[in-house]
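In: Return atomic coordinates for the entry below.
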Amino acid sequence: MDLKFTFGGASPDQHDHGGAPSGIPLPFAGVASTPVSSSSELDVFVRLVSSPEGSTAIAEVVTGDGVTYTRSEVELKRPRGVGGPLPVDSGEIVDPADTDALMRAVRSAISRAIAGLEGPLAQAITSIEVDVPGAAAVVAALGAGPGPLGDRTVAGTVTEALQARFGVNVGTPIRVK
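Out: Numbers count the residues shown, from 1 in each chain. Sure thing, here's the model as predicted:
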């Protein structure tokens, strides 16, 4: 069997089996399915969704023109104690007003969403927005640095400890809604 390959604008093959001239690039399936954005903004949005079964913190990494890159969901849970976790069938629902449980879920959701980014995109994040009950208290419990004076929407900034956890640049604003 004699196989011949031609690349990049070469003349058509002698043995034309499909009528397509060589040198035409093949379409790649992944190109059309990947998100495309023209925005330079990359933000993390965190919100709380509650139902009779419990509450879930949802974090999404979204561009300024609305393209969602990653998403993560973390259920509110009690911390594991010495005796282990609560039984699965206990039916106990964690109150969304429990700042400590909410902070752990928010922190985990943000970490997971940012970890889903490809390459150095975590350093391109321009802000984190937290839209949960008691958001300012949750941001403080995260260990955020102080926000700028006079801007009530910025509850804090990413510190070195949060940078180590999230991968986001120090000083990135953490906004509350």
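In: tell me, how many neighbours does the residue nearest to Met103 when sequence neighbours are not counted end up with?
Out: Setting aside the residues directly before and after it, Met103 is nearest to Ala141 in space (CB to CB, 6 or more residues apart in numbering), at 4.0 Å. Heads up, the C-betas are built off the backbone N, CA and C, glycines and all. A count of neighbours around Ala141, defined by other CB atoms under 10 Å, yields 16.
In: SS state for Ala141?
Out: At Ala141 the chain is in helix, as set by DSSP: H, G, I helix; E, B strand; the rest coil.
In: Contact partners for it?
Out: Neighbour list for Ala141: 99-100, 103 [criterion: CB atoms under 8 Å, 6 or more residues apart in numbering].
In: For these, which single residue is the most surrounded?
Out: Highest neighbour count within the contacts of Ala141: Met103, with 21 neighbours (other CB under 10 Å).
In: measure it to Leu121 for me?
Out: Met103 sits 25 Å away from Leu121, going by CB to CB, to the nearest Å.
In: where does Val74 fall, phi/psi-wise?
Out: Main-chain torsions, Val74, degrees, to the nearest 10: phi -140, psi 120.
In: now Glu53: how far from Glu75?
Out: Distance from Glu53 to Glu75, counting by CB to CB: 9 Å.
In: The two: who's more crowded?
Out: Set Glu53 next to Glu75 and count neighbours by other CB under 10 Å: Glu75 wins out with 14 against 9.
In: Which residue ranges of this protein form helices?
Out: Under the criterion DSSP state H, helices of the chain are mapped to 29-33, 99-115, 135-142, 160-166.
In: returning to that earlier point: which member of the contacts of Ala141 is positioned nearest Pro148?
Out: Each of the contacts of Ala141 was checked against Pro148 using CB to CB; the closest is Met103, at 22.1 Å.
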